[in-house]
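# A structural model of the following input is requested.
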Amino acid sequence: MTSENEFYEEILYEDSSPEEILTWETRKEDDVLNPLCDPVFKSMFTKNTDEARSALKGFLSAIFNRNVTDIQLTTPELPKESYTDKDSKFDLSCLFEGESEYAEIEMQGRNENHAYDKRAEYYAAHLLNHNTREGDSWDKVPKVYQISVLNFVYDKDDENGFSWYTMRKNNGGILSDRMNIIFIELIKIIPPKIKELLKKQLRKPNINIDSELKTLVNNLTALEKWCIFLSYRRNKYFQNLIHIVTEQEEIIMNAEASLSRISKDEVEWVRQRAYYDYMSNMASAEYNGGKKRKDDGKD
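Residues are numbered from 1 along each chain as shown. Sure thing, here's the model as predicted:
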């Protein structure tokens, strides 16, 4: 039986069941797409609008904790070096700070085969290889960043929701800062005080917690505010929190404007539904495969 605390945790991180997923036909006028779906996440940041460009700059600035001003979108699909290579298809890819730094960003909803770390390493290596030009001296090798926004817990033994990986030797000394992998675990990065206050609101819907929320949100980092927006924008229980976040962070307001714009496009709703169907099919396949291995005595 689900405990009261588990019930509130489920609501905090709820995602729609197939029967509850909105479509172009069932949505209301003010309903928006879910930015946790990778096709929506991609469109929100890559549409050819001022809002989308500003939102992407703001998101990268929050991740790197510095002002990113010069961004150019690049191809999200890298060519194979050999016909036997695996594909590298990114949600979005860009270069910034002139042509010295490259990033690819993923919104990831599941840890496929419990091997997402290996996929991230492959993407980072391919990004570095693809953007290192023949004839350049080795000191001109660009920095690359594989950035993954994870809607699942990757490392259960670490409470920190922001992890930055580089190549290091065994005593911790850095080999190079050219290849970087950044994991943002949404579930862990949102401060516990915010989650406890939201649980309080769920238990007592008639209480007003806006004043407390404003104080807490005011003390958050820009990245924490972004994580709240991405995690809870489609959660019907916490729209007061979303309003406070967008009110305090103008750049996130641009993301909200971009999300609202693409939510008026029927094609985007079709893509979102296709994403949910794909995720549901993959989860069923994994479950049935695991069950078969267990029945066969292989696990």
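
# Could you point out the helix or strand that follows the lowest-mean-pLDDT helix or strand in the chain?
Sorting the helices and strands of the chain by mean pLDDT, DSSP states H and E puts helix 4-12 at the bottom, at a mean of 55. Tracing the chain past helix 4-12, the next element assigned as helix or strand by DSSP states H and E is helix 38-46.

# Could you report the neighbour count for Gly109?
Using other Cβ atoms under 10 Å, Gly109 is surrounded by 19 other residues. Placement of C-beta: from N, CA and C, glycine included.

# which residues sit in contact with it?
Gly109 makes contact with 36-38, 151-152, 279, according to Cβ atoms under 8 Å, 6 or more residues apart in numbering.

# Likewise for Ile242?
Neighbour list for Ile242: 228-229, 232-233, 256 [criterion: Cβ under 8 Å, 6+ apart].

# The stretch 1-150 of the chain: strands as residue ranges?
For the stretch 1-150 of the chain, applying DSSP state E, counting those that start in this stretch gives strands covering 71-74, 77-78, 88-89, 92-96, 101-108, 143-150.

# and Glu159, how many neighbours?
Neighbours around Glu159, by other Cβ under 10 Å: 9.

# swap in Thr246?
Neighbours of Thr246 (other Cβ under 10 Å): 20.

# Could you name the specific helix or strand carrying it?
Using DSSP H and E, Thr246 maps to helix 239-248.

# what's the answer for Asn281, then?
Going by DSSP H and E, Asn281 is in helix 266-295.

# Quick check: which ranges of the stretch 51-200 of the chain have low pLDDT?
79-80, 82-85, 87, 99 (pLDDT under 70).

# Kindly provide the distance from Phe41 to Trp164.
21 Å (Cβ to Cβ, to the nearest Å).

# Settle it for me: which of the two has more neighbours?
When neighbours are counted by other Cβ under 10 Å, Phe41 and Trp164 differ, and Phe41 comes out ahead with 23 against 13.

# That one against Asn151, yeah?
No - under the criterion of Cβ atoms under 8 Å, Phe41 makes no contact with Asn151, lying 10.0 Å away.

# list the residues that contact both of those two?
In contact with both Phe41 and Asn151: Met107, using Cβ under 8 Å, 6+ apart.

# For Lys214, see how far away Ile184 is.
Counting by Cβ to Cβ - Ile184 and Lys214 are separated by 24 Å.

# now do Glu77
For Glu77 relative to Lys214 (Cβ to Cβ), the value is 43 Å.

# Which residue ranges of the stretch 51-200 of the chain form helices?
116-131, 186-189, 192-203 (DSSP state H, counting those that start in this stretch).

# can I get those helices in JSON lines with distance to Val270 and mean neighbour count?
Shown next, in JSON lines, are the helices of the stretch 51-200 of the chain (distance: least, Cβ to Cβ, whole Å; neighbours: other Cβ atoms under 10 Å):
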{"stretch": "helix 116-131", "distance to Val270": "26", "mean neighbour count": "18"}
{"stretch": "helix 186-189", "distance to Val270": "25", "mean neighbour count": "19"}
{"stretch": "helix 192-203", "distance to Val270": "32", "mean neighbour count": "15"}
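
# Take those helices and write them to JSON lines, including distance to Gly173.
Listed next are the helices of the stretch 51-200 of the chain as JSON lines, based on distance: least, Cβ to Cβ, whole Å:
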{"stretch": "helix 116-131", "distance to Gly173": "20"}
{"stretch": "helix 186-189", "distance to Gly173": "28"}
{"stretch": "helix 192-203", "distance to Gly173": "34"}
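
# Which one of those helices lies nearest to Ile21?
helix 186-189 (19.5 Å; Cβ to Cβ).

# who does the residue nearest the centre of the chain bridge with?
What sits nearest the mean C-alpha location of the chain, by Cα atoms, centre = their mean, is Val149, with 2.9 Å. Beta bridges link Val149 to Met107, Ile184, judged by DSSP bridges.

# isn't it right next to Glu104, touching?
No - counting by Cβ under 8 Å, Val149 sits too far from Glu104 to count as a contact (11.8 Å).

# would you say Leu216 is within a helix?
Yes - Leu216: assigned to a helix according to DSSP: H, G, I helix; E, B strand; the rest coil.

# Pull the contacting residues for Ile244.
Ile244 neighbours (Cβ under 8 Å, 6+ apart): 210, 213-214, 217.

# how far away is it from Trp226?
Taking Cβ to Cβ, one finds Ile244 at 14 Å from Trp226.

# With Asn34 instead?
15 Å.
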